[in-house]
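1. return a 3D structure for these sequence lines:
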Amino acid sequence: MRFHALQHVSSETPGLLAGEIRERGFALRTTALYDHEPLPSTGEFDVLIVLGGPMSIHDEAEYPWLRDEKELIAAAIREGKKVLGICLGAQLIAAVCGARVYPNPQK
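-> Now for the predicted structure:
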């Protein structure tokens, strides 16, 4: 099984997931979006992990790669891939599935 993680900032890594994935003998690749690395195609992974980050899913003007990332997430879901979202990643998944994502009025 091939795992691929989308990383938004250097401090948000696959962490413990990386160890578990590799310990079980699976491959894990990472795309550093903050370093402008190109997104993978859906044919390059079986499981997509979308990590967290401090930006909003609506910050496409500041982070133009968010638009392409949303398209990749939507394609992965359409193709029946397993997709796991953590924090920002969960918000991105919710948005591409049609949910309204907005700031919580309470901190």
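2. helices along the chain, start to end?
-> Defined through DSSP state H, the helices belonging to the chain, from first to last, are 15-23, 65-78, 88-96.
3. give me every residue that touches His36.
-> Contacts were defined as Cβ atoms under 8 Å, 6 or more residues apart in numbering; by that measure His36 touches Trp65. Quick note: C-beta positions are derived from backbone N, CA and C, even for glycine.
4. gap between it and Leu48?
-> Relative to Leu48, His36 is positioned 19 Å away (Cβ to Cβ, to the nearest Å).
5. got it, and Asp35?
-> Counting by Cβ to Cβ, the gap between Asp35 and Leu48 amounts to 18 Å.
6. out of those two, which sits in the busier spot?
-> Remark: of Asp35 and Leu48, Leu48 carries more neighbours, 25 against 8, as counted by other Cβ atoms under 10 Å.
7. from Ser10, how far out is Ile73?
-> 21 Å.
8. all the strands of this protein, in order from the start?
-> With DSSP state E as the criterion, the chain has strands at 2-7, 27-32, 47-50, 82-85.
9. settle it for me: which of Ile73 and Ser10 has more neighbours?
-> More neighbours surround Ile73 than the other of Ile73 and Ser10, with 24 against 9 (other Cβ under 10 Å).
10. which ones are touching the closest residue to the more buried one other than its chain neighbours?
-> If the residues on either side of it in the chain are set aside, Ile73 comes closest to Val96, at 5.0 Å by Cβ to Cβ, 6 or more residues apart in numbering. Applying Cβ under 8 Å, 6+ apart to Val96 gives the contacts Lys70, Ile73, Ala74, Ile77.
11. quick one: Val96 and Gly43, what's the gap?
-> Distance, Val96 to Gly43, by Cβ to Cβ: 19 Å.
12. check Pro105 too.
-> Counting by Cβ to Cβ, the gap from Pro105 to Gly43 is 42 Å.
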